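Enquirer: for reference, the sequence and a predicted model appear below.
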Amino acid sequence: MTLILAVAFIILLLLGEPIAFVMGGSTLIYLLVKARLSYTLLPQTMFSGMDSFPLMAVPFFMLAGALMNEGGITQRLIHFARLLVGHIKGGLGFVNVLASMLFAGISGSAVAEASAIGSIMIPAMKERGYDEEFSAALTASASTLGPIIPPSIPMVLYGVAANVSIGALFVAGALPGLLLGLAMMVLVAIYARKRNYPRDERASGKELLVGLRDAVLALLMPGIILGGILGGIFTATESAAVAVIYAIVVGGFIYRELKWKRIPGILLEAGISTAAVMLIIGMASSFGWVVAAEQIPQKVATAIFTFTQTPWVVLLLINMFLLFVGTWLETAAALTILVPVLAPIGARIGLDPVHFGTIVVLNLVIGLMTPPVGSSLFVVCSVAKMSLERLSKAIWPFIIVAVVVLALVTYVPAITLWLPRMFIH
Amino acid sequence: MRYFHRLNDALERIASWIVSLFMGVICLVIFANVFGRYVLHSSPPWSEELARYMMVWISALGAAVALRRGAHVGLDIVVQRLPARTRLVAEVTALLFALALTGVIAFFGFKLAAFNMRQHSAAMRMPMGVPYASVPTAGLLMVLVVLEQILTKLGVGEK
């Protein structure tokens, strides 16, 4: 039966079926073969998968990102980043990474980040004489900071699937995200020296102050989100809703750039992006039911532990497996299917569930920029009007850097656990 | 065929309209919940439930709209490399399979919703069939979208 399930899954995947239908379809085939089960299982598990309060953070964080772009918050963050680091050699490269980090403090999705930062930074970098491939590859890789630096949509999904505190996961992502951002900046510095990239003039103290004043309301947002969750003032979902209202107030009343007429359209787009993720989660919970019924988690655990018992080897295997899966499979689908399989293995080798969650998310997020398939790559290709082949060649150094950071995060637990232990008791 | 496109256009407009409306409402409901808890020291017990069920409806209707726009991601790099005829066969096979799946979801989802009309939700005492009905609605809308896509692929209705 397990074999039928696996074969059905792979065939449907290769046929180009949407990933949600791949999972729903495999479940359907399983139900066809196992005649004693009712087909009602499919709608029932779909419904219970989607009917979840923590998952409602997903649409809100998507909305917050879209509203930031429309309300002029993104532009101010980029401008502020430019004042801060523009004067370094290869300045716009640094600006790209720093702005991505700031944006990541409000948005939780790599796709939103890639299009928001990319549509401003790629043309700006091109104008100043940076190579197009470098600008595009940098944007695609920096966009992965979105779901690592809190808040994070994949962390919400992990928290729901593994029943781990979403607040703790958010905080755990902060240092790894910072580390990844710094690692990318090192890479930018190397490129800037080798290719002699230009620098901006240093901003005066007055310019800096004005920039800070403009950006301060935007910079406060991550503080509100994280502070609110850590202080026990609101849940992750509520913090996301507060972020949305905050973005509307700042963009609409203070910056006055948000057009009220645009709001229904923004709501619709965020609703549809959410629905695409939710359909995957619904179908993945049907599929997950079958996976559990077939006792696949137990089978995988037994297979791994008969091969090795050494924790670091198990972790290496899990990382390699997740990097491979992340390359091909959509993040929400991978999380919902794999977390129930992998989390018990992590627990058995004595890993903190928050640490393990960060490792899983980091792996899958790297998958967003690994060719030949990855949402960040696709978005940047369309923003930069560049072929996937050209971008794919330029992105390898960035992937290597990210994998080095992944190794650090995997084997040095303090990078993830130090902050949550400080704040959450 | 033209009427079929028009039918789907109309359904897409209605679904989109409900999606934006519900998105706006759940933001306000959750925000009001926080506001109520801290400022008025009470928050209505039904707010979370209402938001959750609206969210399920957003997901269902939005999923159908996303399907029509081709916004559901799939791994199409294998199919894209096939020669034109084989590719058409693969695509139509995938669509026929999607038709079967969405059909099952529509039919058995309807049975499930009808069965749950007698159950009532915890806070609002709403028949559970109302949120459950989102699943067969999504199924039915997606059946129509997939049918439209199959007919378009096969060139039906072209002159």
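Expert: Sure thing, it's come through. Numbers count the residues shown, from 1 in each chain, chains lettered A, B, ... in the order given.
Enquirer: the spatially most central residue of chain B: which element?
Expert: Geometric centre of chain B, nearest residue: B:Ala60, 2.6 Å, by Cα atoms, centre = their mean. Per DSSP states H and E, B:Ala60 falls inside helix B:47-68.
Enquirer: what packs against that helix?
Expert: helix A:41-50, helix A:263-293, helix B:2-35, helix B:129-132, helix B:134-153 (3 or more Cβ pairs under 8 Å, 6 or more residues apart in numbering or on different chains; DSSP states H and E). (Glycine included, C-beta is placed from N, CA and C.)
Enquirer: now those helices in TSV, with distance to A:Val325?
Expert: Listed next are the helices and strands packed on helix B:47-68 as TSV, based on distance: least, Cβ to Cβ, whole Å:
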stretch	distance to A:Val325
helix A:41-50	20
helix A:263-293	13
helix B:2-35	31
helix B:129-132	32
helix B:134-153	27
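Enquirer: make TSV out of those and add mean pLDDT.
Expert: Listed next are those as TSV, based on pLDDT from 0 to 100:
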stretch	mean pLDDT
helix A:41-50	93
helix A:263-293	92
helix B:2-35	92
helix B:129-132	92
helix B:134-153	95
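Enquirer: would you list the ones you listed in TSV and tack on distance to A:Ala6 and mean neighbour count?
Expert: Below are the helices and strands packed on helix B:47-68 laid out as TSV (distance: least, Cβ to Cβ, whole Å; neighbours: other Cβ atoms under 10 Å in any protein chain shown):
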stretch	distance to A:Ala6	mean neighbour count
helix A:41-50	19	24
helix A:263-293	10	24
helix B:2-35	35	17
helix B:129-132	31	20
helix B:134-153	25	21
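Enquirer: tell me the contacts of B:Phe115?
Expert: B:Gly129 (Cβ atoms under 8 Å, 6 or more residues apart in numbering or on different chains).
Enquirer: quick one, helices of the stretch 1-150 of chain A?
Expert: A:2-14, A:19-33, A:41-50, A:57-70, A:73-85, A:91-104, A:110-127, A:132-143 (DSSP state H, counting those that start in this stretch).
Enquirer: so what's the gap between the last one and the chain middle?
Expert: On the basis of Cα atoms, centre = their mean, to the nearest Å, the separation between the geometric centre of helix A:132-143 and that of its chain is 16 Å.
Enquirer: leaving out chain neighbours, which residue sits closest to the closest residue to chain B within chain A?
Expert: Per Cβ to the nearest Cβ, A:Ala275 is where chain A lies closest to chain B, at 2.5 Å. Using Cβ to Cβ, 6 or more residues apart in numbering or on different chains and skipping the chain neighbours, the partner closest in space to A:Ala275 is B:Gly62 (2.5 Å).
Enquirer: got the contact list for the one you found?
Expert: A:271-272, A:274-276, A:278, B:15, B:19.
Enquirer: and the stretch 51-200 of chain A, which residues reach chain B?
Expert: Residues of the stretch 51-200 of chain A found near chain B (Cβ under 8 Å from any Cβ of the partner chain) are A:51-53, A:55-56, A:59-60, A:63.
Enquirer: of those, which is the most crowded?
Expert: A:Pro59 (31 neighbours; other Cβ atoms under 10 Å in any protein chain shown).
Enquirer: correct me if wrong: that one contacts A:Thr274.
Expert: Yes: between A:Pro59 and A:Thr274 there is a contact at 3.9 Å, judged by Cβ atoms under 8 Å.
Enquirer: how big is the angle separating the helix or strand that contains A:Pro297 from helix A:263-293?
Expert: Assigned by DSSP H and E, A:Pro297 belongs to helix A:296-307. Calculated by axes from the mean of the first three to the mean of the last three Cα atoms, to 10 degrees, helix A:296-307 forms an angle of 60 degrees with helix A:263-293.
Enquirer: any buried residues in helix A:296-307, and which?
Expert: Under the neighbour-count criterion of 16 or more other Cβ atoms under 10 Å in any protein chain shown, helix A:296-307 has A:296-297, A:300-301, A:304 buried.
Enquirer: which one of those residues sits closest to B:His5?
Expert: If you rank the buried residues of helix A:296-307 by distance to B:His5 using Cβ to Cβ, A:Ile296 comes first, at 42.7 Å.
Enquirer: which residues does that closest one contact?
Expert: Each residue near A:Ile296 by Cβ under 8 Å, 6+ apart is listed here: A:2, A:341.
Enquirer: please apply the same query to A:Lys89.
Expert: A:189, A:192-193, A:197-199 are the contacts of A:Lys89 under Cβ under 8 Å, 6+ apart.
Enquirer: quick check: phi and psi on it?
Expert: phi -60, psi 130 (degrees, to the nearest 10).
Enquirer: distance check, it against A:Val95.
Expert: Distance of A:Lys89 to A:Val95, computed by Cβ to Cβ, to the nearest Å: 12 Å.
Enquirer: over to A:Thr45?
Expert: A:Thr45 is 46 Å from A:Val95, by Cβ to Cβ.
Enquirer: so which elements touch the helix or strand hosting A:Ile337?
Expert: Using DSSP H and E, A:Ile337 falls within helix A:331-348. Under the contact definition 3+ Cβ pairs under 8 Å, 6+ apart, helix A:331-348 sits against helix A:19-33, helix A:153-162, helix A:263-293, helix A:296-307, helix A:311-328, helix A:353-366.
Enquirer: tell me which residues of that helix come out buried.
Expert: A:331-343, A:345-346.
Enquirer: who's in contact with A:Ala192?
Expert: By Cβ under 8 Å, 6+ apart, A:Ala192 lies in contact with A:88-90, A:93.
Enquirer: host element of it?
Expert: Counting by DSSP H and E, A:Ala192 is found in helix A:166-195.
Enquirer: rounded mean pLDDT for that helix, please.
Expert: Per-residue pLDDT over helix A:166-195 has a mean of 94.
Enquirer: and for stretch A:107-118?
Expert: Stretch A:107-118 comes out at a mean pLDDT of 87.
Enquirer: residues in contact with that stretch?
Expert: So stretch A:107-118 is contacted by A:57, A:61-62, A:64-66, A:68-69, A:74, A:78, A:96, A:99-100, A:103-104, A:136, A:139-140, A:142-147, A:150-156, A:273, A:365, A:368, A:375-376, A:379-380, A:383-384 (Cβ under 8 Å, 6+ apart).
Enquirer: if we can go back for a sec, report the angle between the axes of the helix holding A:Pro297 and helix A:311-328?
Expert: 130 degrees.
Enquirer: how far does helix A:296-307 sit from its chain's centre?
Expert: Distance, centroid of helix A:296-307 to centroid of chain: 28 Å (Cα atoms, centre = their mean).
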